[in-house]
Structure formats: structure tokens, C-alpha cells
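[1] coordinates for the following, if possible.
(chains A and B)
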2 protein chains.
Amino acid sequence: MIEEAIFEELLELLERRDFRTLKQKLSELHEADVAEFIEEHSPDKAAIIFRLLPKPQAAEVFSMMDSDQRRILVTAFTDQEVSDIIEELYTDDAVDFLEELPANAVNRVLSLATPDTRKLLNHYMKFEEDTAGSIMTSEYVMLHPSYTVAEAIRYIRTHGADRETIYTCYISDPTRRLIGVVSVRQLLLADDEQMISEVMEENVISVEVDTDQEEVTNIFTDYDLIALPVVDKENRLVGIVTIDDILDVVRQEATEDMAKMAGLRPSEKPYLKTSVWSLASHRMVWLLVLMVSGMINGIILEHYEHVFIALPVLVSFVPMLTGTGGNSGAQSSVIVIRSMVLGEIQFRDLGKVIWKEFRIGIIAGLALSAVNFLRIYISYGHNFALALTVSLALVMIVIFAKICGAIMPILAKKVGLDPATMASPMITTIVDVLGLIIYFNIAMAVLNI
Amino acid sequence: MIEEAIFEELLELLERRDFRTLKQKLSELHEADVAEFIEEHSPDKAAIIFRLLPKPQAAEVFSMMDSDQRRILVTAFTDQEVSDIIEELYTDDAVDFLEELPANAVNRVLSLATPDTRKLLNHYMKFEEDTAGSIMTSEYVMLHPSYTVAEAIRYIRTHGADRETIYTCYISDPTRRLIGVVSVRQLLLADDEQMISEVMEENVISVEVDTDQEEVTNIFTDYDLIALPVVDKENRLVGIVTIDDILDVVRQEATEDMAKMAGLRPSEKPYLKTSVWSLASHRMVWLLVLMVSGMINGIILEHYEHVFIALPVLVSFVPMLTGTGGNSGAQSSVIVIRSMVLGEIQFRDLGKVIWKEFRIGIIAGLALSAVNFLRIYISYGHNFALALTVSLALVMIVIFAKICGAIMPILAKKVGLDPATMASPMITTIVDVLGLIIYFNIAMAVLNI
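    From the prediction side, this is the model:
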């Protein structure tokens, strides 16, 4: 976050139109802070500030700006400015930017790029969203296996300036197949005369372009990587994924999953910057779906109307039973969903998970039922049958909810649905319906209604 | 994940006791894969395999193993082996490891460390959990401002071997105050004769030891860093946080928040490795708390018994009303909780958030009510009063739920509670109670009961 005092100073310079001092001050700031400052202004003013930045810094600042702001800013740019920016950006940032633009703006930007850049961008924009291909960049250092360490360092020093990461270098054979990887750290710590083919790691961990970004993330954490090569089917290097992009992916995916778990269509924009209409419409769909299932519960309640007319007190246990069922199911589903994301649970573990949740359900269900039984027995004039009805229903509902909450996400993934949508709201709805049926049937049997 | 074929081969070598080939094969594998292989074995066998590894690889493998496995493995170690490991580990990994051990084991390990290491570890173990201090490491490269670039590179090449990151180097004045930072990339791309003080970045972004790790994470993403210096109150460098640790923090915090949002005490161990008892007890506390509030709802229902005895069909709308209220509140709370974690919402935004949620509540509430009104009016013999009662209650419940779901997490944080616990289960409970009161009071007024 930009400091208040600096922010005020910049504002004042801008108002006094002292662009020389402003330019000087901006060049001393971190790019993220400059981006924040620009975002506070109207497109025209933003463009003026932006023009004060030297080219490489300008591209950096641009890549750190909010997507909305970028879209607006680019409309205020001259063709030359658009062209400069697009050439300076790293491929992954440029592709990100293009993917956010409306189609006619994409065409304008691409037409202003050099033929090489255009070809590269077109190639990269083909990769599917949320795959390794969609987050990789093309700026990496490629070394020849016959280089010596000293030659390699010299090569990096002369060619490394426009490479997103120079800290991991890749080695390929004459057919461009990836045969090794070496970190700058290893190079620096090796002797000058050693050959790259001697110091390189031949056991290269790589992913294919269509690998899901969640899997890419798990590989990064499992192997403590800072960059990961992306290859095609013939094991030819097509790009690299760097850890700073992975950090963004992890945060974004966690946010999306949390949104889905709460019954929301995920939004990519920050809350305070999203319009009320957009937020409301993001929430409506699920609320409507869940409302309809709430109605189904209502129909079930109506079906058992004769039971609670015979004994109205039965109604007063419904919120506790459905609530506990919903919560029990939600707990299991969230744990399972998250474990799947972290690669800890696969489809083949389904049996293990069911067996585990079954036992947890029995333990939790019995404990909760015991508390319930005592409370009802004491508060409702030693009504043993009533206490038994509610407690029996509770055990069964908890066990059912636990198992249901755990297997639904696993099955969802198996059939190609997003497991995160099988969280709390969905599970609650299913559990409620069955819970009510269980409850009233036990009541009819035990209480002879 | 280790490949099946390689795994089988290693197993066979171990069974044939062909330790020579096994040693050879293991040294070719990635440390994460070796850790996975070792984890599959009993402590005795694990120790045997572990002893085949060369010292530096052994420490790497050790730091990648599961915490349970490390605890068990260390009991099978000789004093010399413990000492070797602890000296080879990076400070942050060693501190992590010590923090997981029972107290007597900590004493044994510390007593086997060299005096310098012991002093360092004791110092680091003092930092509070979840702060920058608790995740920083002491292995960084410190350069003198008067070095030339060539000298700096030579210094890194001779002293960098035991530093966790050599890619960012720090520069301090004679009083050890942090005055600059330079990346190896900048060094490699600069001219040999330039002075460090000329190429270094003086505008250093740093955090203090007690900065919350969530804030550290936000700084990493805002500024696209790969390492961040940690300083004391006098701006003296005490350690660095590296991006690979931040990646772990982000994943771990997201997992914890999701668990809390679903009403679970978070567990640090993978699901399949956690015992049924432990999982059940992690879930019981919240289920019990929420069950008690479900009972409060029951008491409220009992209180309005005369209303639904007069018109039993009123009961059948309860699940839909409480369900929709709970879901509406859960949506708002999860969005707000996540936005706070990402640093997008502060306490000062409270007014803005309430105003936004109020409007969203009106839009969503009216839309849902319209659907409801039509359904009830049509299905229940054109009963206008009944349709009005339910729809009016629904609008009010949704608005109330939205506002409540949004402000509870913000207020929780303000008074020092964890916002994530103010998600779905908690909100649902509060909204249910008030929702029922609203509903039955509207029913009494509109339907004259």
C-alpha cells in the first residue's frame, strides 16, 4: 500500500502540473505503488501520469494495474503507446491483458504488435483457461549443453535482460527436446570450467500445456520449485511457469472455491469495486435454486402435517435436526473438497472416505444424541418416547449427512463437475429433505401416530 | 508423486538388501520423491533408507517429510545423526521441526546442536506463530555497499552454498541497518565495475518480525517479490521470508479458513492420515454449539405454536425461509471474510459494506419474493394474504441476513476474534432466530391470528 504522505505529495505535484518533479518521484516508487496511484485517477489524467514513466517501468506498472483500469487506459493511448506496451510486457502478462479486452480492442492491439510478438501472442491465447499453457511465459533462458559454466554465466549476463526468470535455465538437445535444467545458483556455485551437461539436473520435472493449474500448483509445493518447464507431447519446451504466477493462482483458486462453497458464482473483481447489480446477480442464481429446494422441504412438511398436528411439539425439533444435519454434512464436504484440491484424496480413496465418515458420524451422532436425549427427557416431563424419537433421528441424520457430504464432491469430480459446488448449500438441501423424512417416519413408528 | 514403476524397483532393491544400487537410485531421485518413499516404511526401515542418503540430500529429504514421520524417524536416530541433520537444515525448517517435537525431544535435539546453531534456534523459536518472525530464515547473502558487482558475484559464488536464497542480496550500513537490496539478476545484468551502492535499490520493502503472515502474503503478491527482508524496530535485518514459504502459508491459511467457515477446528494433518477420533472431536465442538442454537430456534417455534396450530400450512414455509436466509447471509459473510484476508476490506469500509449489502438485499429479496408470491398465490387457491405474509417475511429476512452476514466478520476482527468463524454456520443460526420471529409476527399481523 502506498503511504498517505507520499500519495498527498504526488497529488499536489500533479495539481501544480510540476511534471518534472512528479516524474522524478514516480521513478523512485515501486511499480505496484505507481499502479495504485494511477488507478485513483480518471482515464485522461491516468494517461498523463502514465506517459511520465520510462518504457520498461511503464510496462511493469501496466501489468500491475487492475484489469478494468487497463481496459480504460488503453482507450486513451495512441497506437505507438499501445505498441510500446505490448512489446515490453512479458508474454503471460500480455496474454492476460488481451484476454480481458473486448474483441475489437484485441484486434487493434494485435495489429499494432510486431509480427513476431503477434504470432507468439496468438499462439499463447489458444491455450485453455486454468491450464499450465494459460499461465506460462515464453521468456526463459535456454542454454547449450556444451557450454561451460563461465560461458553460460556470460550468456545470461548478455541475453537475460528480457527473460522473466533467469534463475532457472533449460537445456535442450538439437531437436529442441528438454534434456536438463540448471539453476543460476548451481551455476554460480560450480567451477567455471565445468560443462553445463555435467552440472545440469537431468531428472527434469515438467508438465504438459494442458495440465490443470491446480495440479501445477501441487507440483510446485511438493517439489519446492521456483519455475517449472511446460512441454508439448514431444517433450519440447514451449514455456515456463514461475512461482509468482502460482502464488496468484493459489489465492485466486482459494477465493473461487470459497465463493462456490458458499453458493456464489465467483467474481474476479474486488468486492468494493463490483457493482451492486453484478453482486446481486452473482448471488441470485444459487439462492433461487436453493429456495426451490427449500420449497421441496415445505412440501415434505405438508405431507407429514397430520403428524405434527397430532403432536405439535415435534415441529420445534425440526430446526435443530435439519441444522445439525446441514452442519455435519458441510463439515465433511468442505474437508473433502479441500483435500482433493491439495491432492490428498483421489477417487480411489472413496471407500476409505466413506468408512471414515461412517465412524465419525456414529461417534458425533451418538454424542450429540446423548445431550439431546437428556435435555428433552428433562424439559418435556420425562417423555421417554419423544426423547427417543428425536435422538434416534439425530444419529441417523448425522451419519447420513457425514457420508453424503463426503461422497458428493468426489462423485461430482468423477463426472466432471466442480467439487466445490457440492459444499454447504447443496449438501444442506439434500440432507434436509432426507432428514425430515427420517424424522417423521421414526416419529410415526415410535409415537404410534 | 513418485512413479509406480520406480517405486516398485526401489522396494525390490530394499527387499534384496541391494543397498548399493538403492543408494545410487535414490541419489538420482528428487528429494520429495525420496521423502515419499521413506514415509511408506516403518521407522526402522525408514532409518535404514535414510542412512543411504548423502548428508545434504538427507537434510532436504528430511525437511520434505511429513511431521509425524519426522518425529518417529528422529527417535530411531543416533545422536550424531540428529546433530548432522540439525546443522544441515535451513533455520526455518529446523525451527518448524523443533516446534512439532515433544519437549523432551526438543531438549535432546538442541543439546546435540553446536552452540551457534542452538543460540540461533532458541532465538527463532521465540517468535510468535503466524508472524513474519515465525516463517523467516537466517540464511541470506549480505553484501557490503562498497563492493563492485564483480566482487559481489565472486562473494556469492564462494559464500552462497548454505544460503536459502542467493537470488536477493541485502546491503547494510556499519550499524547493521538495512540500506539496500539487489537481486542476482540485477548483478548479472550490471557492469562488473559498478559499485553495489550504485546498482542497489534503496527503496527497500520490508516487514517487522511481528507482522502478521497474512499481511506478509499480501505484500508478496502486491509487489511480485521472491524474498522479503524482516527487520527489527531499529530497521536491522534479522531474517528473510522466501516465496516458497509464502506459497505454503497461502495454502495452509486458505485451508484453515475454509475449515473455520464450515464450523471446524482446523487440523494441520492430511485428512486420510488423521484418526477418526481426532476428526470427530474437531467437529463436535461446533456441532454442539450450533445444536444448542438450533434448540433456541425450537423454543421460538414453540412460542409461536398457537400460530401454526391455527394455520398449520405456515410451518411448511419455515425451511424455505430459514434456508434462504441462511444462504443469503452465508454468501455475504464468505465474500467479506475473503476480501478482508486479501486486504480489500478494512474496518473503515464498514459503512460502505452495509450500504452495499442493503441494496443487494433489496434486489435479491424482491426477486425471490416475486417468485415466491406467484407460486404460493397459484398453488394455495389464490390465498393473497398467505402469499403476502411469506413474501414480506422473505424480503425482510434476506435484507437482514445480507447485512448481518457482512458486518459480523468485520466486527469480529475489530474485537480480535477470527473473522472466518463468523461464516455460514454462525450466521445461519443468528439469521434463523430472527427470521422466525419476523415471519410469525408478520403472519399474526397480516392473517389476524
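[2] was I right about A:Ile300 contacting A:Val433?
    Yes: using C-beta atoms under 8 Å, A:Ile300 is in contact with A:Val433, at 6.3 Å. Where you see a C-beta, it was placed from the backbone N, CA and C, and this is true even at glycine.
[3] in chain A, which spans are strands?
    According to DSSP state E, chain A carries its strands in the segments A:140-143, A:165-172, A:178-183, A:207-208, A:227-231, A:237-242.
[4] okay, buried residues for the third one please.
    In terms of neighbour count (16 or more other C-beta atoms under 10 Å in any protein chain shown), strand A:178-183 has its buried residues at A:Leu178, A:Ile179, A:Gly180, A:Val181, A:Val182, A:Ser183.
[5] that strand near chain B at all?
    No: with C-beta under 8 Å from any C-beta of the partner chain as the criterion, chain B is not reached by strand A:178-183; the gap is at least 9.2 Å.
[6] avg pLDDT for that strand?
    If you average the pLDDT over strand A:178-183, you get 91.
[7] other SSEs contacting that strand?
    Under the contact criterion of 3 or more C-beta pairs under 8 Å, 6 or more residues apart in numbering or on different chains; DSSP states H and E, strand A:178-183 touches strand A:165-172, helix A:196-199, strand A:227-231.
[8] quick one: strands adjacent to the longest one?
    To tie it back to what came earlier, the one meant is strand A:165-172. strand A:140-143 (parallel), strand A:178-183 (antiparallel) (DSSP bridges).
[9] what sits closest to the residue nearest the centre of chain A if chain neighbours are left out?
    Nearest to the mean C-alpha position of chain A, by C-alpha atoms, centre = their mean, lies A:Glu253 at 0.8 Å. Excluding the flanking residues, the one nearest A:Glu253 by C-beta to C-beta, 6 or more residues apart in numbering or on different chains is A:Glu214, at 6.4 Å.
[10] next: A:Ser316.
    Among residues not flanking A:Ser316 along the chain, B:Gly298 sits closest, at 3.9 Å (C-beta to C-beta, 6+ apart).
[11] just checking, that neighbour touches A:Gly323?
    No: look at B:Gly298 against A:Gly323 with C-beta under 8 Å: they stay out of range, at 9.7 Å.
[12] and those two? which has more neighbours close in?
    Neighbour count, other C-beta atoms under 10 Å in any protein chain shown: between B:Gly298 and A:Gly323, A:Gly323 has more, with 27 against 22.
[13] measure the more buried one to B:Leu434 for me?
    Using C-beta to C-beta, to the nearest Å, we find A:Gly323 at a distance of 15 Å from B:Leu434.
[14] who in the stretch 51-200 of chain A is up against chain B?
    Within the stretch 51-200 of chain A, the positions adjacent to chain B are A:Met64, A:Ile153, A:Ile156, A:Arg157, A:Gly160, A:Ala161, A:Ile166, A:Tyr167, A:Val184, A:Arg185, A:Leu188, A:Leu189 by C-beta under 8 Å from any C-beta.
[15] so what pLDDT did the last one get?
    pLDDT, A:Leu189: 86.
[16] one more: the fifth one?
    At A:Gly160 the predicted local distance difference test score is 74.
[17] same check, this time on the third one
    A:Ile156 carries a pLDDT score of 87 in this model.
[18] surely it meets A:Val184?
    Yes: taking contacts as C-beta under 8 Å, A:Ile156 lies within contact range of A:Val184: 6.9 Å.
[19] where do the contact lists of the two overlap?
    Between them, A:Ile156 and A:Val184 share these contacting residues under C-beta atoms under 8 Å, 6 or more residues apart in numbering or on different chains: A:Ile166, A:Cys169, B:Leu188.
[20] from chain B, how far out is A:Ile48?
    Going from A:Ile48 to chain B by C-beta to the nearest C-beta, to the nearest Å gives 23 Å.
[21] actually A:Tyr377, sorry about that
    Plainly put, A:Tyr377 is 14 Å away from chain B if you go by C-beta to the nearest C-beta.
[22] and that residue, what does it touch?
    Under the criterion of C-beta under 8 Å, 6+ apart, the neighbours of A:Tyr377 are A:Asn383, A:Phe384, A:Ala387.
[23] which residue sits closest to the closest residue to chain B within the stretch 151-300 of chain A, ignoring its sequence neighbours?
    When scored by C-beta to the nearest C-beta, the stretch 151-300 of chain A has A:Gly294 as its residue closest to chain B, at 3.2 Å. Of all residues beyond its chain neighbours, the one nearest A:Gly294 is B:Met320 (3.2 Å), with distances taken as C-beta to C-beta, 6+ apart.
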